[in-house]
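# Sequence first, then the predicted structure:
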Amino acid sequence: MLNRRQSISPDGEWVVYDTRNEDAHIARTHAIEMVKMETGDITPLYRTRNQTVHGPGVGAVAFHPSDQKIIFIHGLESCSASNPYSAARRFGAIVEVAAPWEYLHAESRVVLPDAVTAMPSYGMLAGGTHAHSWSTDGWISFTYNDAYLEGRARIDNNVRDLRTVGFMVPGMELVCDTPETEQENFIGAYAAFIAVEVKAEVRRGSDDVEQAVEECWIGTNGYTDAAGNDHQHAIAFQGAVRDDQGNLHHEIFVCDLPNLKELSEMGGVQPARRQEGILASVPGCSQRRLTHTLQRKYPGVQGPRNWLVSSPDGEHVYFPMRDDAGIVQLHRLATKGGALEQISSLSHSIEGQISLNAHGTGCAFLSDQRVCLVNLGTGEHAWLTGTTEHKLFGAVQFVHDDRWVLNGYVGNQPDHYAQIFVCE
């Protein structure tokens, strides 16, 4: 199974994947591999130890954009029937292609017994990360679930398990004043921070975010805002907000991140206190709302689960949204702000993750079980495939601009198997 992004090696020769057969089965999946497109030769990269249906599990693997290394979700080594894989019991694992089988912890995880008042040190987390994505220069974005809130939510219906978006930074020295354990607490190679503040109790009709998900890095080298300020590292994300009636909708937000120097100078600042209803961002992050779609017939981001996609120049963010007829179409919005623009005019809805080609001139996705390519300049679309006996799913991912890969099932349920297809 391919990740929804960054499945292609920097040289364009290999495709990396995990050995899931169903999207929800990361906990029981034991292997990360890559396959050479020209020959079909498979190279194993990692295997879990003591794998059971309860964990540890691996999945959602992404290639670094320029280095021969990967990052993927890894459940805690201590996962068991009584304490299984979960949203807060996983981390980012980094493996060098030249040195397979052994991983580095990407982030530091320090979950303390008195988790309400005893927060981990600066640059460390107290929960689980997933859906990792590399920036061009090697920062990592992710979504995050806090271990304390996850545990409290299991036993108290009044506590909400919040999810938010964070980022990891290489090159920062971390100081841990708490004991490490090999399987539960550990020191990682990157400093990790929460980027987006989320709240369990949000004000109706406000820009308060209840959940932050499905982010992307903006631009190959960041973007320039409406005031002319350059931002080298910024994230676009879907933020769940409440309308005046209390209904939940996903709107598009931008979060500008502090630079490495600013983060290093804040090293003496303790993390904001975690409350049962708030996960606070690290100082220096600035978030703003781009879309206000509550007056639309179908408000908010709509359609299949989709991570946002940025143009290479950082000028636009792309996402699916329903038109007035209820069909999921491709839309975009300028990161500086402005009017929402519908790009496609399809008769069938977008069915999978959207992906831009390398030059940012076209966007591909599944629609009507065919691969559709939309010209981002004209809005015209072309079908790259006809119908097929295989059930296609997931993301269409470009290899340079003349080739693409995607997933499809071979065989019929319940005996069908996810495979990788490559097309010119």
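In hand now; what should we look at?
# got a pLDDT number for the spatially most central residue of the chain?
Nearest to the centroid of the C-alpha atoms of the chain, with distances taken as Cα atoms, centre = their mean, sits residue 131, at 3.6 Å. Looking at residue 131, its pLDDT reads 95.
# Isn't it up against residue 307?
Yes. Using Cβ atoms under 8 Å, residue 131 is in contact with residue 307, at 7.4 Å. All C-beta atoms are positioned from the backbone trio N, CA, C, and that covers glycine.
# Identify the contacts common to the two.
Taking Cβ atoms under 8 Å, 6 or more residues apart in numbering as the criterion, residue 131 and residue 307 both touch residue 214.
# Distance-wise, check residue 41 relative to residue 57.
Going from residue 41 to residue 57 by Cβ to Cβ, to the nearest Å gives 26 Å.
# Report pLDDT for residue 267.
Residue 267 is given a pLDDT of 69.
# then the helix or strand of the chain with the lowest mean pLDDT to PDB, C-alphas only?
Ranked by mean pLDDT, DSSP states H and E, the weakest helix or strand in the chain is helix 147-155, scoring a mean of 80. Only the C-alpha atoms of helix 147-155 are listed here, as PDB (Å, rounded to 0.1, in the frame of the first residue of the first chain):
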ATOM      1  CA  ALA A 147      -1.200  10.200  25.300                       C
ATOM      2  CA  TYR A 148      -2.700  11.800  28.400                       C
ATOM      3  CA  LEU A 149      -5.800  13.100  26.600                       C
ATOM      4  CA  GLU A 150      -6.300   9.700  24.800                       C
ATOM      5  CA  GLY A 151      -6.100   7.900  28.100                       C
ATOM      6  CA  ARG A 152      -8.500  10.300  29.900                       C
ATOM      7  CA  ALA A 153     -11.000  10.100  27.000                       C
ATOM      8  CA  ARG A 154     -11.200   6.300  27.400                       C
ATOM      9  CA  ILE A 155     -12.500   6.600  30.900                       C
END
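# and residue 247, how many neighbours?
Around residue 247 there are 12 other residues, counting by other Cβ atoms under 10 Å.
# And for residue 112?
16.
# which SSE is it in?
Using DSSP states H and E, residue 112 is not contained in any helix or strand.
# quick one: contacts for residue 417?
Taking Cβ under 8 Å, 6+ apart as the definition, contacts of residue 417 comprise 21, 409-411.
# Retrieve the pLDDT associated with it.
95.
# next one: residue 401
In this prediction, residue 401 has a pLDDT value of 65.
# next one: residue 62
Residue 62 is given a pLDDT of 98.
# Please enumerate the strands of the stretch 51-200 of the chain.
58-63, 69-75, 90-96, 99-105, 127-134, 140-146, 163-169, 191-194, 198-199 (DSSP state E, counting those that start in this stretch).
# State the distance from residue 407 to residue 301.
For residue 407, the distance to residue 301 - Cβ to Cβ - is 22 Å.
# can you give me the strands in the stretch 301-424 of the chain?
309-310, 316-322, 328-334, 341-342, 355-356, 362-367, 370-375, 381-383, 391-399, 403-410, 417-423.
# Can you give the distance from the fifth one to the centre of its chain?
Relative to its parent chain, strand 355-356 has a centroid offset of 15 Å by Cα atoms, centre = their mean, to the nearest Å.
# for the closest residue to residue 324 other than its chain neighbours, helix, strand, or coil?
Spatial nearest neighbour of residue 324, excluding adjacent residues (Cβ to Cβ, 6 or more residues apart in numbering): residue 297 at 5.0 Å. Residue 297 falls in the coil class when you classify it by DSSP: H, G, I helix; E, B strand; the rest coil.
# What is the neighbour count of residue 297?
Other residues close to residue 297 by other Cβ under 10 Å number 10.
# With residue 416 instead?
Residue 416, neighbours per other Cβ under 10 Å, totals 15.
# That one contacts residue 410, correct?
Yes. Here residue 416 reaches residue 410: they are 6.5 Å apart, a contact under Cβ under 8 Å.
# Report the set of residues contacting both of these two.
Between them, residue 416 and residue 410 share no contacting residue, judged by Cβ under 8 Å, 6+ apart.
# Give me the pLDDT for the nearest residue in space to residue 136 that is not next to it in sequence.
Nearest in space to residue 136, with sequence neighbours left out and distances taken as Cβ to Cβ, 6+ apart, is residue 220 at 5.2 Å. Note on residue 220: pLDDT of 94.
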